[in-house]
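> need a structure here:
(one chain, ligands or ions: 1)
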Amino acid sequence: MMVQPFGARLRAAMDERGPLCVGIDPHAALLQAWGLADDIAGLETFTRTVVDALADRVAVLKPQSAFFERFGSRGIAVLEAAVADARSAGALVIMDAKRGDIGSTMAGYAAAYVDKNSPLASDAVTVSPYLGFGSLRPVLDLAAEQGAGVFVLALTSNPEGAEVQRATAADGSSVAAAMLRHIAVENAGARGLGSVGAVVGATLGEVGVDLDINGPLLAPGIGAQGATPADIPKVFGAAARNVVPSVSREVLRHGPSAAGLRDAAARYAEECQAAVN
Ligand SMILES: O=c1ccn([C@@H]2O[C@H](COP(=O)(O)O)[C@@H](O)[C@H]2O)c(=O)[nH]1
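Residues are numbered from 1 along each chain as shown. Take a look at the predicted model:
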């Protein structure tokens, strides 16, 4: 069966459930705050609780691969189950893996995250273009073929990112602006929202670059990093409608109660909806 492109599925999910991505970031400190051990059983309970509480109501869940990788193969098994369970409950899954390598190796990452036959097959994956945008070609091509999405780091939410991303070329335009232009080319001709997105931190204030990429803008940094939904119009301006606001710790700290997680997510979804309108 032909899968709808990721951009169309994302737009439909945000229209139906509100524009919110909740990150699944099982920090050791969060496991402890939930009364769980920092071990594989704690990881499994934490992850299952978040998926069970939220996958039937938020548009997007975004597992942070690093926090599963730290437990080795058993952590990856928990991640696989979370991806499958979240998707079958109706949430889209963005695998936050931030992979970036030479093209031939990117083909391996593409097979891992966007091939529908992979155990970690997700709706979309985050990638780093800082080995050159062209190095992403294998993941862009496989994602397009499979109806998956790709989110390319453009302007990240951390202050250190500017050293690389704001560096300018001889014509005065920044590295990030060049990445955004590449993304816009990938989305040219897409009907509705394109399937290649950019990561642009909600923490950045006025970004001063063209965000008209005809694709989704994943906006981490809301909550623990200091941004709020009210910052979205300031940062994204006319592109606000395409923003996927992302919150991890500020929702997760309301667990382990399912009601606590749901209430926190519902509040953010409502505030983000008001901010993007
Ligand atoms: O620019 C970026 C890109 C990705 N992230 C990731 O998002 C979450 C943020 O977690 P919070 O708890 O809401 O701060 C985390 O997984 C980061 O790796 C980002 O923060 N900034």
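> Next, the residue of the stretch 51-200 of the chain found nearest the ligand: phi, psi?
Proximity of the stretch 51-200 of the chain to the ligand (Cβ to the nearest ligand atom) peaks at residue 156, 3.1 Å away. Bear in mind the C-beta positions are built from the backbone N, C-alpha and C, glycine included. Main-chain dihedrals, residue 156, degrees, to the nearest 10: phi -80, psi 160.
> Start at 52, not 1
Okay, residue one is now 52; in that scheme the one you just asked about reads as residue 207.
> is it true that it touches residue 252?
Yes: using Cβ atoms under 8 Å, residue 207 makes contact with residue 252 at a distance of 5.6 Å.
> Need the overlap of contacts for these two.
Residues touching both residue 207 and residue 252 (Cβ atoms under 8 Å, 6 or more residues apart in numbering): residue 271.
> With neighbour numbers in mind, choose between those two.
The neighbour comparison of residue 207 against residue 252 (other Cβ atoms under 10 Å) goes to residue 252, with 25 against 21.
> How about the more buried one: what's its closest non-neighbour residue?
residue 208 (2.7 Å; Cβ to Cβ, 6 or more residues apart in numbering).
> Check residue 283 too.
Nearest to residue 283 is residue 326, by Cβ to Cβ, 6+ apart, at 4.2 Å.
> same deal with residue 133?
The nearest residue in space to residue 133 (Cβ to Cβ, 6+ apart) is residue 98, at 4.9 Å.
> Pull the host helix or strand of the one you found out as CSV, backbone CA atoms only.
According to DSSP states H and E, residue 98 maps onto helix 91-105. What follows is helix 91-105, C-alpha atoms only, in CSV (Å, rounded to 0.1, in the frame of the first residue of the first chain):
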residue,chain,number,x,y,z
ILE,A,91,17.1,-1.4,31.9
ALA,A,92,14.0,-2.1,34.0
GLY,A,93,13.7,1.6,34.9
LEU,A,94,14.2,2.6,31.2
GLU,A,95,11.5,0.1,30.1
THR,A,96,8.9,1.3,32.7
PHE,A,97,9.6,5.0,32.0
THR,A,98,9.3,4.6,28.2
ARG,A,99,6.2,2.4,28.4
THR,A,100,4.5,4.9,30.8
VAL,A,101,5.2,7.8,28.4
VAL,A,102,4.0,5.9,25.3
ASP,A,103,0.9,4.5,27.0
ALA,A,104,0.0,8.0,28.4
LEU,A,105,0.6,10.1,25.3
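> do it and the ligand meet at all?
No: Helix 91-105 lies out of reach of the ligand by Cβ under 6 Å from any ligand atom, never closer than 12.7 Å.
> Stretch 270-285 too?
Yes: using Cβ under 6 Å from any ligand atom, stretch 270-285 reaches the ligand at 271-272, 274-276.
> If we only consider those, which is nearest to residue 288?
For the residues of stretch 270-285 next to the ligand, the closest approach to residue 288 (Cβ to Cβ) belongs to residue 272, at 16.7 Å.
> so that closest one makes contact with residue 251?
No: between residue 272 and residue 251 there is no contact under Cβ under 8 Å: 9.2 Å.
> who's more crowded, those two?
Counted by other Cβ under 10 Å, residue 272 and residue 251 do not tie: residue 251 has more neighbours, with 29 against 24.
> In contact with residue 275, which residues?
Residues near residue 275 by Cβ under 8 Å, 6+ apart: 299-301.
> For residue 189, which non-adjacent residue is closest in space?
Per Cβ to Cβ, 6+ apart, closest to residue 189 is residue 158, 3.9 Å.
> Can you point out the buried residues in the helix or strand containing that neighbour?
Using DSSP H and E, residue 158 falls within helix 154-164. Buried residues in helix 154-164, defined by neighbour count with 16 or more other Cβ atoms under 10 Å: 157-158, 160-164.
> need the residues you listed in a markdown table with distance to residue 171, can you?
Converted to a markdown table, these look like this (distance: Cβ to Cβ, whole Å):
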| residue | distance to residue 171 |
| --- | --- |
| 157 | 15 |
| 158 | 15 |
| 160 | 10 |
| 161 | 11 |
| 162 | 10 |
| 163 | 6 |
| 164 | 6 |
